[in-house]
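Trainee: what follows is a protein structure lacking sequence information:
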């Protein structure tokens with residue numbers, strides 16, 4: 001899941017996922033074949049800039065987050081430096097509250113209730129292992145070019161290595177170009193497991209998001225070093241094949257079509273503007289996306305060209321050349337979505353109810369094989385097999401948002417997994433995320449989001465602009 005982004009209403013490209021396990025607060029999707037693409041799109045507001053906004057405009061001196069992989073509850077504070085307007089330089093600090101409380105409770109003098117409790121607290125506050133620091137520099141080179149450099153150190157965990165990142169973005173009239181180097185690179189797979197790749201580099205060219213029509217994405221990606229689980233040196237399960245060392249070139253093309261089934265004509269209130277201009281029009285609409293993806297892999301990661309098959313060997317086109325340690329893969333993909341909204345998000349109570357359902361068909365050839373098999377069996381008056389039905393089952397995601405009062409709304413997102421071979425429980429709900437959103441009305445379309453993931457036991461507060 002993409003942590004409460006209406007990705008079905010934008011492009012089919014995967015967005016970086018928000019996570020509190022690092023100071024940077026993002027993780028890239030593990031590339032699969034054909035989906036997810038493992039490609040990030042455009043630029044986003046960096047974590048230090050989010051923290052500065054919370055400090056200056058939302059009276060939030062400390063920003064909380066929670067992750068069991070990072071020790072539990074933490075508090076963040078950012079310090080910015082006075083540089084020219086085109087250069088943002090910051091130092092983001094994080095304090096491990098949960099570990100601090102645990103260490104204090106272990107102190108004998110504090111437990112006995114002696115008069116030296118204050119000095120005991122001061123002694124532990126000086127412990128450098130409770131802190132993490134992140135330096136970030138964002139330079140606007142030209143109106144179209146930005147350069148981001150970051151370096152994070154994690155002294156609260158001696159086993160955690162420093163993390164560094166360099167990102168260059170250039171905006172063409174109709175495209176975005178991104179060049180990125182991250183060491184180590186943080187990735188998250190479909191099961192929510194985090195992986196570190198010692199060095200990950202990518203050059204990415206993407207067409208700008210469009211309401212309809214053709215879009216495409218080209219990415220050259222190189223991994224160096226053996227991937228391992230985040231915060232762990234144990235080799236419990238093999239890493240995803242796409243994270244193994246090697247070079248891959250991926251190209252994806254898709255065509256999107258939208259259609260409004262109904263759009264409200266009730267005039268908006270003239271006395272106040274909507275809390276979010278992107279959520280001010282009641283409507284019911286459907287959209288569909290079809291596309292194709294081709295990947296050429298060189299190196300150890302090319303082994304995935306012979307792994308992407310179902311139990312009967314049905315998958316997309318693939319060619320593995322072990323003699324030159326390379327391979328080629330290609331497949332089609334599809335997506336269908338439905339969005340229904342009631343209310344203009346202007347009134348004080350219950351003026352927004354929004355539902356979104358998305359069906360993903362990530363393996364076009366597998367779907368076509370299953371659909372053909374089902375049709376033939378029905379025409380011959382025979383019962384189709386469960387394997388054929390399983391091939392045409394989509395990956396389902398649903399989201400629901402409900403205004404509570406004023407700019408506050410409650411939102412929930414879940415994935416629905418269909419496994420017809422599991423007769424006891426063929427439908428399961430997974431990757432549920434719940435959130436409270438606060439719309440920043442003065443900024444037209446911006447919101448502060450506090451979300452919680454029960455599966456990963458992660459909590460985070462972040463800021464988002466112009467996202468629906």
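Mentor: Thanks, I have the structure now. Being a predicted model, the structure only gives us computed values, none of them experimental.
Trainee: just to check, residue 275 is in contact with residue 437?
Mentor: No: taking contacts as CB atoms under 8 Å, residue 275 lies outside contact range of residue 437: 9.8 Å. All C-beta spots, glycine's among them, are computed from the backbone N, C-alpha and C.
Trainee: who has more neighbours, those two?
Mentor: Higher neighbour count among residue 275 and residue 437: residue 275, with 26 against 21, using other CB atoms under 10 Å.
Trainee: need phi/psi at residue 371.
Mentor: Here is the backbone geometry of residue 371 (degrees, to the nearest 10): phi -60, psi -40.
Trainee: tally of neighbours for it?
Mentor: Counted with other CB under 10 Å, residue 371 comes out at 14.
Trainee: how about the helices in the stretch 51-200 of the chain?
Mentor: For the stretch 51-200 of the chain, the helices defined by DSSP state H, counting those that start in this stretch occupy 97-106, 108-112, 117-125.
Trainee: report the buried residues of the longest one.
Mentor: By that I understand helix 97-106. 97, 99, 100, 103, 104 (16 or more other CB atoms under 10 Å).
Trainee: nearest spatial neighbour of the second one, skipping sequence neighbours?
Mentor: Leaving aside its chain neighbours, residue 99 sits nearest to residue 71 (5.1 Å; criterion: CB to CB, 6 or more residues apart in numbering).
Trainee: report the distance from stretch 85-94 to the chain centre.
Mentor: How far stretch 85-94 lies from its chain's middle: 23 Å, per CA atoms, centre = their mean, to the nearest Å.
Trainee: for the one helix or strand residue 436 maps to, packing partners?
Mentor: Using DSSP states H and E, residue 436 sits in strand 427-439. When contacts are defined as 3 or more CB pairs under 8 Å, 6 or more residues apart in numbering; DSSP states H and E, strand 427-439 packs onto strand 408-418, strand 446-453.
Trainee: buried ones in that strand?
Mentor: 431, 433, 435, 437, 438, 439.
Trainee: pLDDT and distance to residue 67 for the buried residues of helix 97-106 - can I get that in JSON lines?
Mentor: Shown next, in JSON lines, are the buried residues of helix 97-106 (pLDDT from 0 to 100; distance: CB to CB, whole Å):
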{"residue": "97", "pLDDT": "92", "distance to residue 67": "12"}
{"residue": "99", "pLDDT": "88", "distance to residue 67": "12"}
{"residue": "100", "pLDDT": "89", "distance to residue 67": "16"}
{"residue": "103", "pLDDT": "84", "distance to residue 67": "19"}
{"residue": "104", "pLDDT": "83", "distance to residue 67": "21"}
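Trainee: which residues of the stretch 1-150 of the chain fall in strands?
Mentor: Taking DSSP state E, counting those that start in this stretch, the strands of the stretch 1-150 of the chain run over residues 17-18, 26-29, 63-67, 72-81, 87-96, 131-142, 145-154.
Trainee: show me which residues of the helix or strand that residue 295 is a member of are buried.
Mentor: Assigned by DSSP H and E, residue 295 belongs to strand 283-299. By neighbour count on 16+ other CB under 10 Å, the buried set for strand 283-299 is 284-285, 287, 289-299.
Trainee: how far off centre is that strand?
Mentor: A distance of 17 Å separates the C-alpha centroid of strand 283-299 from that of its chain, computed with CA atoms, centre = their mean.
Trainee: buried residues in the helix or strand that it is followed by?
Mentor: On the C-terminal side of strand 283-299, the nearest following helix or strand under DSSP H and E is strand 317-321. By neighbour count with 16+ other CB under 10 Å, strand 317-321 contains the buried residues 318, 320.
Trainee: from the chain's centroid, how far away is the next helix or strand after strand 317-321?
Mentor: For strand 317-321, the following helix or strand on the C-terminal side (DSSP H and E) is strand 326-342. In terms of CA atoms, centre = their mean, the centre of strand 326-342 is set 16 Å apart from its chain centre.
Trainee: tell me the mean pLDDT for the helix or strand that strand 326-342 is followed by?
Mentor: As assigned by DSSP H and E, the chain's next helix or strand after strand 326-342 is strand 353-361. Mean per-residue pLDDT for strand 353-361: 94.
Trainee: how far out from the middle of the chain is strand 353-361?
Mentor: Its chain's C-alpha centre and that of strand 353-361 lie 17 Å apart, by CA atoms, centre = their mean.
Trainee: quickly note the distance from the residue nearest to residue 199 when sequence neighbours are not counted to residue 193.
Mentor: Using CB to CB, 6+ apart and skipping residues adjacent in sequence, the residue nearest residue 199 is residue 224, 4.1 Å away. Residue 224 sits 21 Å away from residue 193, going by CB to CB, to the nearest Å.
Trainee: same thing with residue 57?
Mentor: Residue 57 is 36 Å from residue 193, by CB to CB.
Trainee: swap in residue 418?
Mentor: In terms of CB to CB, residue 418 sits 22 Å off from residue 193.
Trainee: strands paired with the strand holding residue 295, and their directions?
Mentor: Its sheet considered, strand 283-299 pairs with strand 246-263 (antiparallel), strand 326-342 (antiparallel) by DSSP bridges.
Trainee: quick one on the thing from earlier: hey, least reliable of the helices of the stretch 51-200 of the chain by pLDDT?
Mentor: helix 108-112 has the lowest average pLDDT among these, namely a mean of 62.
Trainee: quick one on the thing from earlier: tabulate the buried residues of strand 427-439 in a markdown table, adding columns for pLDDT and distance to residue 359.
Mentor: Output for these, formatted as a markdown table (pLDDT from 0 to 100; distance: CB to CB, whole Å):
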| residue | pLDDT | distance to residue 359 |
| --- | --- | --- |
| 431 | 86 | 16 |
| 433 | 93 | 19 |
| 435 | 95 | 23 |
| 437 | 95 | 25 |
| 438 | 96 | 31 |
| 439 | 94 | 28 |
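Trainee: which of those residues lies closest to residue 231?
Mentor: residue 431 (20.5 Å; CB to CB).
Trainee: the closest one reaches residue 417, doesn't it?
Mentor: No: assessed by CB under 8 Å, residue 431 is found out of contact with residue 417, at 9.0 Å.
Trainee: buried residues in stretch 246-260?
Mentor: Under 16+ other CB under 10 Å, the buried positions of stretch 246-260 are 246, 247, 248, 249, 250, 251, 252, 254, 256.
Trainee: all set now, cheers.
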